[in-house]
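1. make a model of this:
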Amino acid sequence: MGPGPEETSSLNQKGSKAADFGASNSSKKLQHSHLHAAPKTDFACLTDAERRDKLERRLQAQLRDGTRSRNVKRLGDPLVKHLLRVAGNAAYRDLRQSVIATGKTLVCELLSNFPCRRLAVRRRGLAALQALLPSLYSAGSPPLNEQTSNATHNAKIELPLQDARHSDYFKTRSRLNTNVETHFVSNRILRKVAGFQSYDDGCVAEMRMPDQAQDFADIRLLLCLGNIPPSLGRIDQSTASKHSAEDLDPGTVGTLLRTAAALQWQGAWILPSCPDVFNPLAIRASQGALFWLPYRRGSAEELIQLCRAKELALCVPHESGTPVRTAGLFEQEKKKGVCLVLDWSLINSSIMGSSKKEPREDSTSLPESSPVSPGTPKDASRRAKAKHSIFKPDIFLSLGAEIAPEGTMHLLHPITVASMLIYHIKHVHFPSLAGSPYLFSVKQRTKAM
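-> Model (predicted):
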């Protein structure tokens, strides 16, 4: 027998309820799936640039709230990509105003004096790094370890007891880098960021880029760096056209900056033709000289205007010039200081133009731009060459026979020639001149503070 009328209605009601329940569940699942699928769809529709921006914002947000793991193992990690871009992309570096410093000694020296944005270290190298930073720990920062590196920025820091021997230091010392954002990374990542095939120092730091000097004050010793030629004694015209700034090792520029800072020169002028002075290799070679040494980027015309205002003698190295140890050399020119120019195009144009007889007052000036139309790129190139062709220094400097036998200056490495000129200019003509008021060592600054 089939079901009765009452049983049939009961079954129909149960079936309708089950259908309604199933429909509601399916609609909830559909809504739930849409909620989770929407971000993926939106992210997939973004362009590459928008994706990078979104990943960067996400990274910064995660770093701020402390939820992101501080253990970085992949080269594809957003943090590693950021560090690689800071290290290898000058435009991105200028945009972010960040530089990469490598090496435990240099990193610790910079951490003690300048703002650090983030630190990447190996776990095994953490103890050695911590041992080199006793001042940071005594100034209030906790030891760098896994627990503190994972702490949020809002975590409470317990200050150590201030002992009487360092009471003055504690009163004046600012809480600089007391809770540095620290990440544990592999040696492979460190090698990649530092730009070395082998790298055992175990740490890299992303530091804030040092600001350019607004005013050189009463400067007397200025080093101008550009496209440094392979020889500073003479210009070989057969190879001149093949020489470019791209062929120059950034370490060469870094070494010259380090030499100038060590010999108490007071500033550096960086021409557009100069290799990247904030390349990690240049920073390592200079030992972070531009963090202490006032510097400015600018054109040759701006340099000449500065030298005229500060009464600096524009000097170019050449083996047939005046020996650098000649007594009263700069007093004869009625100059208060020296600007040593190390740039291939300016040196070459000054040598080519040295035989031309031109008024002395025009020797250190570039012509003003004429109000004509820009014309073709070739016209602009010719005008640029014309500007450089009339550049004439005040003095051609040679090492002299007592330093280098006659005719051998051009055989020496440019770093050797430039370093000798920097040394003798300082110690023969300006022996009592102190370094820049902004130039200091860590020890001197600690005492001053």
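2. every contact and neighbour count from this point should use C-alpha atoms.
-> Fine.
3. and N71, how far from A268?
-> For N71, the distance to A268 equals 39 Å [CA to CA, to the nearest Å].
4. those two: who's more crowded?
-> A268 (24 against 17; other CA atoms under 10 Å).
5. the more buried one contacts F291, correct?
-> No. The pair A268 / F291 is not scored as a contact, 11.6 Å apart, by CA atoms under 8 Å.
6. leaving out the residues flanking it, which one is nearest to L75?
-> Nearest non-adjacent residue to L75, counting by CA to CA, 6 or more residues apart in numbering: I189, 6.5 Å away.
7. which element is the one you found on?
-> Following DSSP states H and E, one finds I189 within helix 187-194.
8. give me the contact list for that helix.
-> Contact partners of helix 187-194, identified using CA atoms under 8 Å, 6 or more residues apart in numbering, comprise 73-75, 80, 83-84, 87, 100, 102, 120-122, 197-200, 202-204, 280-281.
9. so which of those residues are in strands?
-> The strands, defined by DSSP state E, take in 100, 102, 120-121, 203-204 from those.
10. and the residues you listed, which two are furthest apart?
-> I100 and V121 (13.1 Å; CA to CA).
11. what's the overlap in contacts for these two?
-> Joint contacts of I100 and V121 (CA under 8 Å, 6+ apart) are V204.
12. looking at these two, which is more packed in?
-> Legend: neighbour count by other CA under 10 Å for I100 and V121, higher for I100 (27 against 22).
13. which SSE is immediately downstream of the longest strand seen in the chain?
-> Secondary structure assigned by DSSP E gives strand 312-323 as the longest strand of the chain. Proceeding N to C from strand 312-323, the next assigned helix or strand is helix 329-332, under DSSP H and E.
14. other residues contacting that next one?
-> Against helix 329-332 from outside (CA under 8 Å, 6+ apart): 313, 336-338, 429.
15. please redo it, this time with the cut-off set to 10 Å
-> 312-313, 322-323, 335-338, 394-395, 425, 429 (CA atoms under 10 Å, 6 or more residues apart in numbering).
16. checking Q264 next. Helix, strand or coil?
-> With DSSP: H, G, I helix; E, B strand; the rest coil as the basis, the three-state label of Q264 is coil.
17. element containing L306, please.
-> In the assignment (DSSP H and E), L306 maps to helix 300-310.
18. sorry, back to before: what mean pLDDT does the longest strand of the chain get?
-> Averaged over strand 312-323, pLDDT sits at 94.
19. repeat that for stretch 128-137.
-> 65.
20. pretty sure V185 contacts L126?
-> No. Taking contacts as CA atoms under 10 Å, V185 lies outside contact range of L126: 11.0 Å.
21. residue contacts, A90?
-> Contacts of A90 by CA under 10 Å, 6+ apart are 96-99, 276-279.
22. same thing but at 8 Å, please
-> A90 neighbours (CA under 8 Å, 6+ apart): 276, 279.
23. report pLDDT for it.
-> On pLDDT, A90 comes in at 92.
24. look up how far V99 lies from it.
-> 9 Å.
25. which neighbours do the two share?
-> Listed as contacting both A90 and V99 by CA under 8 Å, 6+ apart are N279.
26. in stretch 343-355, what's buried?
-> In terms of neighbour count (16 or more other CA atoms under 10 Å), stretch 343-355 has its buried residues at 343-351, 353-354.
27. which one of these is nearest I415?
-> Nearest to I415, judged by CA to CA, of the buried residues of stretch 343-355 is D343 at 12.9 Å.
28. how many residues are close by L421?
-> Neighbourhood size, L421 [other CA under 10 Å]: 19.
29. same question for S320.
-> Neighbours of S320 under the rule other CA under 10 Å: 16.
30. contact partners for it?
-> Residues counted as contacts of S320 (CA under 8 Å, 6+ apart) are 396-398.
31. mind giving me the PyMOL select for the contacts of helix 187-194, buried ones only?
-> Typed into PyMOL, the line below selects the buried ones among these, using 16+ other CA under 10 Å:
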select buried, resi 75+80+83+84+87+100+102+120+121+122+199+202+203+204+280+281
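32. much appreciated, bye for now.
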